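S.K.: Structure, please.
(one chain, ligands or ions: 2)
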Amino acid sequence: MKLNIAVLSGDGIGPEVIEQALKVVNAIGKKYNHEINLTHALTGAVAIDATGNPYPDETHEICMQADAVLFGAIGHPRFDNDPSAKVRPEQGLLAMRKKLGLYANIRPTLVFPSLLHKSPLRRELIENADFVCIRELTGGIYFGDKGRNETRDKAWDVCEYTKPEVDRIVRLAYEYAMKRRKKLCIVDKANVLETSRLWREVAQGIEKEYPEVATEYLFVDAAAMRIIQWPEGFDVMVTENMFGDILTDEASVISGSMGLMPSASIGLHTSVFEPIHGSYPQAAGKNIANPLGTVLSAAMMFEYAFKLMDEANEIKDIVNKSLAEGVVTVDIADGGKAFSTSEVGDWLAAQIA
Ligand code: IPM
Ligand code: MN
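M.R.: Ligands and ions are numbered 1, 2, ... in the order given. Model (predicted):
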């Protein structure tokens, strides 16, 4: 197959981890006879420096033309400490989500047996956890009207959802649940928010179409507790943009290995695959960052964008092998030998070859 991939490395450790994922992607291409065409494009702080725009039109065009986008990370401390900055790298990410129509962000919480001792939770709470959070990504408070009054002593961010926006994400979540353990938890704050009541109304309609799926409704505050108290209880969870932002960060740390967590953002145009960790500027350029979250995101790309399951499974298998054999970076090396970012990438690619 011909696989056209747009590569947006971004900022911080983005370029280093992407480089390793590309070694793996190229090795898979060679082994399975795929023609891999990579087109690099700018995003984030590096794009602001070069063009003044964190998601330039040229980058958007390249993403639209591609079969999938592999994304590193964006963000730079010089913007975090400057509340008056007019353009921010994060705006590039939000613009990309909106313009590519990436309405569904899929974040699995994966537990790796060899890393269980790294979890902040006791082993018995987490060892059988295996759930996926589906976060709505192009609506809600992130994209509603925001502003200040004339005297600038009052501010607002409006949270809005339309029925079709809720409908498409809830349907996607039901379809996802059908392929798994057939349990869906719909997370909202329907005791307070009108948008949540709309979510519930729409979900209750769709629920009837999926009698095989056990549906549960949970308020977001209770869901936050449940993720800590009984993570095994979840299979698929679906929620609006900001609740999903917060809950997926919470969920990402319970496995003890945030550097390994991948994600997929699916939508109307080209889908985007990225690790959930950020740009980690303190580690940039040091060849110490964990590339496995990006490598597993590439596995999700083969699965979701190209529907190539053997290729996806082979990538997941070699990641498991690197964990089992201790070919890992310092964050998970645990006193054993720590390999550099590029050594891990080389090892993974060599295993595939
Ligand atoms: C994420 C990030 C982004 C978000 C930021 C960087 C805008 O936290 O992908 O979860 O809030 O969506
Ligand atoms: Mn976040």
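
S.K.: residues in contact with Gly256?
M.R.: By CB atoms under 8 Å, 6 or more residues apart in numbering, the contact set of Gly256 is 115-120, 126. From N, CA and C alone the C-beta is placed, and that goes for glycine too.

S.K.: Do I have it right that Gln91 meets Pro54?
M.R.: Yes. At 5.4 Å, Gln91 counts as touching Pro54 under the criterion of CB atoms under 8 Å.

S.K.: So for the two, which sits in the more crowded spot?
M.R.: Remark: of Gln91 and Pro54, Pro54 carries more neighbours, 28 against 18, as counted by other CB atoms under 10 Å.

S.K.: Is the more buried one in contact with His60, as I believe?
M.R.: No. Look at Pro54 against His60 with CB under 8 Å: they stay out of range, at 11.3 Å.

S.K.: in which helix or strand would I find Val295?
M.R.: Per DSSP states H and E: Val295 is located in helix 292-300.

S.K.: Following the chain past that helix, name the next helix or strand.
M.R.: That would be, after helix 292-300 and using DSSP H and E, helix 309-324.

S.K.: how far off helix 292-300 does that next one point, in degrees?
M.R.: Computed by axes from the mean of the first three to the mean of the last three CA atoms, to 10 degrees, the angle separating helix 309-324 from helix 292-300 equals 160 degrees.

S.K.: Could you list every helix and strand in contact with helix 309-324?
M.R.: Packed against helix 309-324, as judged by 3 or more CB pairs under 8 Å, 6 or more residues apart in numbering; DSSP states H and E, are the following elements: helix 14-31, helix 292-300, helix 341-352.

S.K.: Just the CA atoms of the helix or strand that that helix is followed by, as PDB, please.
M.R.: Counting by DSSP H and E, the next helix or strand C-terminal to helix 309-324 is helix 330-333. Output in PDB follows, covering the C-alpha atoms of helix 330-333 (Å, rounded to 0.1, in the frame of the first residue of the first chain):
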ATOM      1  CA  VAL A 330      15.800   6.400  32.100                       C
ATOM      2  CA  ASP A 331      12.200   7.200  33.200                       C
ATOM      3  CA  ILE A 332      11.300   3.500  33.400                       C
ATOM      4  CA  ALA A 333      14.800   1.900  33.600                       C
END
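
S.K.: Summarise which helices and strands helix 330-333 is packed against.
M.R.: Looks like helix 330-333 contacts no helix or strand (3+ CB pairs under 8 Å, 6+ apart).

S.K.: avg pLDDT for that helix?
M.R.: Summarised as a single mean, pLDDT over helix 330-333 is 93.

S.K.: Go through that helix and flag the buried ones.
M.R.: Using 16 or more other CB atoms under 10 Å as the test for burial, helix 330-333 gives 330-332.

S.K.: and the residue of the stretch 101-250 of the chain found nearest ligand 1, how many neighbours?
M.R.: Using CB to the nearest ligand atom, Asp245 is the residue of the stretch 101-250 of the chain that sits closest to ligand 1, at 4.6 Å. Asp245 is flanked by 16 other residues according to other CB under 10 Å.
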